[in-house]
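Novice: mind looking at a prediction? Sequence and model below.
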Amino acid sequence: MANTTIAKTPQSGVKLKTKRRSPGREVWERLKSSPLAMASLAGVLLFVFIGVFADVFYSYDYAIKQFPLEKLLPPGTPGHLLGTDNFGRDLLARMIHGTRTALVIGIVSSFASVVISAILACLCAMFGGIVDNIIMRIIDVISCIPSLVVALAICAALGNGIPQLIVALLFSSLPMHVKMFRSVALTVSKMEYVESAVALGGKPWYIMVRHLWPNLASIIIVNGTAQISMSIMMGATLGFIGLGVKAPTPEWGTMLSEGLKYMMRNQYMVLIPGIALALAALFVNTFGDCLRDAFDPQLKGKA
């Protein structure tokens, strides 16, 4: 009965039970009503499909294998649909495995960043005082430095590699999320039902999990989706300047950097990873915007 409402028909006076839609169902219905949201979701799922099943299309060994006699072959060459690079490596295989690299970097770093940020924000809201001051002063210090510079410093200190890149992107995005989540958590912590739970002796961790996290869920999802696009772009930027993943791991930013030397004669070496990077950012950003609109309480009932 908790998810049902009673409606009375004016003609017969008969009471009918109508099932209430859950918040998640309402969000999905609003997304389905938007062609732009569905198109961007299809694009995101396509990239995810390619990344997950990369080994089905080409083995990783083939993506890094060099063919010295087949260097700089143009797209459309038999056996090399997108051509080869300056080492004779198949570009299509490297693009497919580069998709997996970009998704791992973007999704893992974004997920870790929003989860840690939400925990820190809840700690600030629940304990306040010295805990809030310590956390926010550290965040203020980090936020004084541009996020790209923070990522550069961490990568320079830790070295090249996917784990190092994930750590760098995680820390560089913490300040933005912590400040945003903290403002919402502070508002929720002042609600009457939260104050009642505290008065009744509820443990801080129970209140955080039971009351604060559910109220932060929508903003975590929206911010996490937007952060994926930012992490993919920043990861490619670091790869472009040589602080990304280790060679010969396929990665779009590194492929752009390698193709830059041959751009005048072999434009495809820059265009192919550049277009993939632009499309990935476009699809994820567009879906993130549509997701934010779907979670907007002011749009309820317009699905």
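Specialist: Cool, the structure landed. Numbering: from 1, shown residues only.

Novice: now do stretch 69-77: everything it contacts.
Specialist: If you take C-beta atoms under 8 Å, 6 or more residues apart in numbering as the criterion, stretch 69-77 is touched by 80-88, 91, 262, 265-266, 268, 272. The way it works is simple: take the backbone N, C-alpha and C, and place the C-beta from them, glycine included.

Novice: list buried residues within those.
Specialist: With neighbours counted by 16 or more other C-beta atoms under 10 Å, the contacts of stretch 69-77 contain buried members at 80, 82-85, 87-88, 91, 262, 266, 268, 272.

Novice: just put the residues you listed in TSV and tack on distance to residue 150 and secondary structure.
Specialist: Listed next are those as TSV, based on distance: C-beta to C-beta, whole Å; DSSP: H, G, I helix; E, B strand; the rest coil:
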residue	distance to residue 150	secondary structure
80	39	strand
82	35	coil
83	37	coil
84	36	strand
85	31	coil
87	32	coil
88	37	coil
91	32	helix
262	32	coil
266	35	coil
268	34	helix
272	30	helix
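
Novice: report the buried residues of stretch 63-79.
Specialist: Buried, per 16+ other C-beta under 10 Å, within stretch 63-79: 63-64, 70, 73.

Novice: ok, of these, which one's closest to residue 181?
Specialist: residue 63 (38.3 Å; C-beta to C-beta).

Novice: excluding sequence neighbours, find me the nearest residue to that closest one.
Specialist: residue 93 (4.0 Å; C-beta to C-beta, 6 or more residues apart in numbering).

Novice: need the mean per-residue confidence for the helix or strand containing residue 118.
Specialist: Assessed by DSSP states H and E, residue 118 sits inside helix 91-127. Mean pLDDT, computed over helix 91-127, is 93.

Novice: which elements pack onto the next helix or strand after that helix?
Specialist: Using DSSP H and E, the helix or strand that follows helix 91-127 in sequence is helix 129-143. Counting contacts by 3 or more C-beta pairs under 8 Å, 6 or more residues apart in numbering; DSSP states H and E, helix 129-143 is packed against helix 91-127, helix 162-189.

Novice: just so I know, which of the ones you listed lies nearest residue 283?
Specialist: Residue 283 sits nearest to helix 91-127 of all the helices and strands packed on helix 129-143, at 11.9 Å, using C-beta to C-beta.

Novice: tell me the SS of the residue lying closest to residue 290 once chain neighbours are set aside?
Specialist: In space, and not counting its chain neighbours, residue 290 is closest to residue 37: 3.6 Å by C-beta to C-beta, 6+ apart. The three-state label given to residue 37 by DSSP: H, G, I helix; E, B strand; the rest coil is helix.

Novice: wait, residue 37 sits on residue 31?
Specialist: Yes: in this structure, residue 37 is within contact of residue 31 by C-beta atoms under 8 Å, at 4.6 Å.

Novice: name the residues contacting each of these two.
Specialist: Contacts common to residue 37 and residue 31, judged by C-beta under 8 Å, 6+ apart, are 290-291, 294.

Novice: may I ask which of those comes out lowest in pLDDT?
Specialist: pLDDT across the shared contacts of residue 37 and residue 31 is lowest for residue 294, at 84.

Novice: give me the element the residue positioned nearest the centre of the chain is part of.
Specialist: The centroid of the chain falls nearest to residue 228 when counting by C-alpha atoms, centre = their mean (2.1 Å). Using DSSP H and E, residue 228 sits in helix 213-240.
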